[in-house]
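Engineer: test case, fold it:
(4 chains)
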Number of protein chains: 4
Amino acid sequence: MSEMNTLNIGHEVEQFFSKVIDTLHRLERQNLIRLTDILLKAYRNERTVFVFGNGGSASTASHLCGDFIKGISFDLDKRFKAVCLNDNIPALMAIANDISYDDIFVEQLKNYLKKDDVVIGISCSGNSNNVIKALEYANKTGAVTVAFCGFNGGRIKDLTHLAIHADINDMEVSEDIHLIVAHCLKQILIKILRS
Amino acid sequence: MSEMNTLNIGHEVEQFFSKVIDTLHRLERQNLIRLTDILLKAYRNERTVFVFGNGGSASTASHLCGDFIKGISFDLDKRFKAVCLNDNIPALMAIANDISYDDIFVEQLKNYLKKDDVVIGISCSGNSNNVIKALEYANKTGAVTVAFCGFNGGRIKDLTHLAIHADINDMEVSEDIHLIVAHCLKQILIKILRS
Amino acid sequence: MSEMNTLNIGHEVEQFFSKVIDTLHRLERQNLIRLTDILLKAYRNERTVFVFGNGGSASTASHLCGDFIKGISFDLDKRFKAVCLNDNIPALMAIANDISYDDIFVEQLKNYLKKDDVVIGISCSGNSNNVIKALEYANKTGAVTVAFCGFNGGRIKDLTHLAIHADINDMEVSEDIHLIVAHCLKQILIKILRS
Amino acid sequence: MSEMNTLNIGHEVEQFFSKVIDTLHRLERQNLIRLTDILLKAYRNERTVFVFGNGGSASTASHLCGDFIKGISFDLDKRFKAVCLNDNIPALMAIANDISYDDIFVEQLKNYLKKDDVVIGISCSGNSNNVIKALEYANKTGAVTVAFCGFNGGRIKDLTHLAIHADINDMEVSEDIHLIVAHCLKQILIKILRS
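Structural biologist: Alright, predicted model coming up:
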């Protein structure tokens, strides 16, 4: 690798980190307080939190669900109930293959979802059809719907009760902000529930 | 590959198929009727079915869960609720790493399990510690516990309300019988619920 | 549950078991010998085995891959290389969301596949588009292609070098036969490689 | 939720975001340039990148692998080869159940690993036994080893050729930094390889 390339990479690193930090600075704080409130209410009323996404957001969804099941709940007498809808591959791929990829999340919600459950759909563009379809169904069922989105927020920003919006035209930075928010909520919930 | 090896392989195939068929012939039919009854009761009372296992039995558990979520439930107004406890890798591996591999299933049951839910533990030896621990907890919680086991049934055969026992000292044949039983139940439940 | 229902369930169980046993009897033995030969050749030449499927066949694929990685290889100095293309959810769901669900397997083969690798596509109907597309690509790349199919074999039966065909119009029985065949091969390979 | 709680949550959010930003500022930039170099060399020599972790780091590993397979590689004639060792659940849980949870990664490396491959172990504490064991094996095999760690770096910081060290005593912030670094590398590799 040439010296020049080395310098360029250093510059790219700074630029990427700046995008993350700037987006974090712009993030609407009040929405994190609202989300904490939604999640605590679900916890107290023994409702379930559903979460799902595509691509990298599938791993964010699985990670967030795992933090609810173990990280936040461990040591508590009463624990969170959370289900990630991209974790059961046979169901997901049976729905995609036999019905449509757009139905992979909504079909599973039809099995589980009850009024007052919390449904978190993650889509950086805000426009993934399978996430939209599931959130629309959740609204009709009387669940509390939350969007984790990026770019201009897309359709899920408008159709949900609350949107965590990473305000940047960048897929990777949006995913980073979503994980940071999930972790921030994790630490806040741990402090509240173990105090 | 020599002709002789070819002949040996043919013989091995016949022997393996015979083991499957013989074990299927020996399987206690009455227990499948009992399991159908348990699952229908759970369905009617809106209880959840939990299922889990190690190794190949992890894939059986995930497959069975997927069949409950999609295959059996599709086209029904009211659907099965099923959760496979080896599907959320972050939770499973956080528990294994921070607490112990023996606790990966029981810790998740502490989040979800309610009285009268159905808990299906799959262990061919019947002696996997994490499966035993989860089934013992489920018994104490007032759940209906079911063992899918092989070999001599091991400890889970005795500690559960019902055991589907593949009576053979063979890991692979036991796994085959478990999948056949799960699929047989699937077709029966579909006929009953769609008639 | 009424007595009559109990009797019916018993009858259904016998019918299902008979379908499995009859299909197993009809299975072309010679193809298992050929598949053993293909897999041994791949092993000796350090080629990789790729496997994938949808729905329940996704769990068969993951199970078969796990058996190659651990069950067959454990205790061997030289081990099998196997990759299941429905295991990495972020890649799978990024391809499905950004390109198309039909491309989830072929896109991954473009990363990994080399001449003389073995590609096993599992589709009970034999007609899943994503499985067809991946097998066609594998043929062009000079890989050895294998179909695990059911029903009338569908398109993958004809486009592959070898087909393990469960000759029955039944999804669940086809899946059972595929797992039995995978396990039969596992035991044969263990005997050959550890002798 | 009372006004006072609301204020506290707002304060917690700022504190958490500050931890992320401060840790990002402290991150050793030169190591990202070195890692880019390692990955490009692996790509040019057609080596494979292996990645693995526990808990939340399992999702980071799966995410990073998915980005190599699809995000970075899509549109390239020659693509990255990457395998995440916490994706195949049957293999992982067979090793954990039959051998030990500490061996889940090293046993799989024995199947795949070749000289000059890249092995990325993710452990925030730096002290997860299964990650240490796999990295030590990779060193002996002549692979290039990389640690993604947090806290004081733990044992994996010292035993690897390169460490991406999130210098903070905080599990969640460490995980955030790891994902940000993985995404930063993704964008850099895309720019280099598509230019």
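Engineer: the strands in chain A, which residues?
Structural biologist: For chain A, applying DSSP state E gives strands covering A:48-53, A:81-84, A:118-123, A:144-149, A:162-165.
Engineer: out of the ones you listed, nearest to B:Asp158?
Structural biologist: strand A:81-84 (30.5 Å; C-beta to C-beta). Yep, even glycine has a C-beta here, placed from its N, CA and C like the rest.
Engineer: quick one, helices of chain A?
Structural biologist: For chain A, applying DSSP state H gives helices covering A:3-26, A:29-44, A:56-66, A:89-98, A:106-112, A:129-141, A:154-159, A:171-194.
Engineer: averaged pLDDT, the shortest one. What do you get?
Structural biologist: I take that to be helix A:154-159. Average pLDDT, helix A:154-159: 98.
Engineer: got the CA positions of that helix in PDB?
Structural biologist: Taking Å, rounded to 0.1, in the frame of the first residue of the first chain, the C-alpha atoms of helix A:154-159 are listed here in PDB:
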ATOM      1  CA  GLY A 154     -39.000   6.900   5.000                       C
ATOM      2  CA  ARG A 155     -42.500   5.600   5.400                       C
ATOM      3  CA  ILE A 156     -42.000   4.000   8.800                       C
ATOM      4  CA  LYS A 157     -41.100   7.300  10.400                       C
ATOM      5  CA  ASP A 158     -44.600   8.600   9.700                       C
ATOM      6  CA  LEU A 159     -46.700   5.500  10.400                       C
END
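Engineer: for chain A, which residues are neighbours of chain B?
Structural biologist: By C-beta under 8 Å from any C-beta of the partner chain, the residues of chain A that approach chain B are A:62-63, A:65-67, A:69-71, A:73-74, A:79-84, A:87-92, A:94-95, A:98-99, A:107-108, A:110-112.
Engineer: contacts with chain C among the residues you listed, please.
Structural biologist: Okay, of the residues of chain A next to chain B touching chain C (C-beta under 8 Å from any C-beta), that's A:Ser62, A:Asp87, A:Ile89, A:Pro90, A:Ala91, A:Ala94, A:Asp98.
Engineer: ok, so of those residues, who is nearest chain D?
Structural biologist: A:Ser62 (5.3 Å; C-beta to the nearest C-beta).
Engineer: wait, what's in contact with the closest one?
Structural biologist: A:Cys84, A:Asn86, A:Asp87, B:Asn88, B:Ile89, B:Pro90, C:Ile89, D:Ser59, D:Ser62 (C-beta atoms under 8 Å, 6 or more residues apart in numbering or on different chains).
Engineer: and the closest residue to the third one other than its chain neighbours, how many neighbours?
Structural biologist: Setting aside the residues directly before and after it, A:Asp87 is nearest to B:Asp87 in space (C-beta to C-beta, 6 or more residues apart in numbering or on different chains), at 4.1 Å. As a burial measure, the neighbour count of B:Asp87 was computed by other C-beta atoms under 10 Å in any protein chain shown and equals 26.
Engineer: ditto for A:His11
Structural biologist: When neighbours are defined as other C-beta under 10 Å, A:His11 has 10 of them.
Engineer: roughly how far does it sit from D:His165?
Structural biologist: The gap separating A:His11 from D:His165 is 22 Å, by C-beta to C-beta, to the nearest Å.
Engineer: against D:Val131, how distant is the residue nearest the centre of chain A?
Structural biologist: Closest to where the C-alpha atoms of chain A average out (C-alpha atoms, centre = their mean) is A:Ile122, at 4.3 Å. Distance of A:Ile122 to D:Val131, computed by C-beta to C-beta: 27 Å.
Engineer: repeat for A:His165
Structural biologist: Taking C-beta to C-beta, one finds A:His165 at 35 Å from D:Val131.
Engineer: just put the ones next to chain C among the residues of chain A next to chain B in CSV and tack on pLDDT.
Structural biologist: Output for those, formatted as CSV (pLDDT from 0 to 100):
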residue, pLDDT
A:Ser62, 98
A:Asp87, 98
A:Ile89, 98
A:Pro90, 98
A:Ala91, 98
A:Ala94, 98
A:Asp98, 97
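Engineer: now do the contacts for the closest residue to A:Leu32 other than its chain neighbours.
Structural biologist: Excluding the flanking residues, the one nearest A:Leu32 by C-beta to C-beta, 6+ apart is D:Val13, at 5.2 Å. If you count contacts by C-beta under 8 Å, 6+ apart, D:Val13 has them with A:Arg29, A:Leu32, A:Ile33, A:Cys184, A:Ile188.
Engineer: assess the claim that A:Leu159 and A:Glu136 are in contact.
Structural biologist: Yes: the criterion here is C-beta atoms under 8 Å, and A:Leu159 meets it with A:Glu136 at 6.3 Å.
Engineer: list the contacts of A:Ser73.
Structural biologist: A:Arg79, A:Phe80, B:Lys110, B:Asn111.
Engineer: which of the residues you listed sit farthest apart?
Structural biologist: Farthest pair in the contacts of A:Ser73, by C-beta to C-beta: A:Phe80 and B:Lys110, 10.7 Å.
Engineer: tally of neighbours for the closest residue to A:Ile89 other than its chain neighbours?
Structural biologist: Of all residues not flanking A:Ile89 in the chain, C:Ala58 sits nearest, at 5.0 Å (C-beta to C-beta, 6+ apart). The number of residues packed near C:Ala58 is 31, by other C-beta under 10 Å.
Engineer: about what we covered before: and which of the contacts of A:Ser73 is nearest A:Ala42?
Structural biologist: For the contacts of A:Ser73, the nearest to A:Ala42 is A:Phe80 (8.1 Å; C-beta to C-beta).
Engineer: so how far is chain D from the closest residue to the closest one other than its chain neighbours?
Structural biologist: Nearest residue to A:Phe80 in three dimensions, chain neighbours excluded: A:Phe68, at 4.3 Å (C-beta to C-beta, 6+ apart). Distance of A:Phe68 to chain D, given as C-beta to the nearest C-beta, to the nearest Å: 12 Å.
Engineer: and if you look at A:Lys157?
Structural biologist: 20 Å.
Engineer: pretty sure that residue sits against A:Asn127.
Structural biologist: No: with contacts counted by C-beta under 8 Å, A:Lys157 stays clear of A:Asn127, the gap being 9.8 Å.
Engineer: neighbour count for these two, which is higher?
Structural biologist: Using other C-beta under 10 Å as the criterion, A:Lys157 and A:Asn127 rank with A:Lys157 on top: 20 against 16.
Engineer: can you pull the contacts of A:Ile69?
Structural biologist: With C-beta under 8 Å, 6+ apart, A:Ile69 has these contacts: A:Arg79, A:Phe80, A:Ala82, B:Asn88, B:Ala91, B:Gln108, B:Asn111.
Engineer: burial count for the closest residue in space to it that isn't next to it in sequence?
Structural biologist: Counting by C-beta to C-beta, 6+ apart, A:Ile69 lies nearest to B:Ala91, which is 4.1 Å off, once chain neighbours are set aside. B:Ala91: 31 surrounding residues under other C-beta under 10 Å.
Engineer: can you tell me how far B:Ala91 is from D:Asn111?
Structural biologist: 26 Å.
Engineer: cool, and A:Leu189?
Structural biologist: Applying C-beta to C-beta to A:Leu189 and D:Asn111 gives a distance of 40 Å.
Engineer: need the pLDDT of A:Arg194.
Structural biologist: At A:Arg194, pLDDT is 87.
Engineer: hmm, it is touching A:Lys78, no?
Structural biologist: No: A:Arg194 is not in contact with A:Lys78 according to C-beta under 8 Å; the separation is 11.9 Å.
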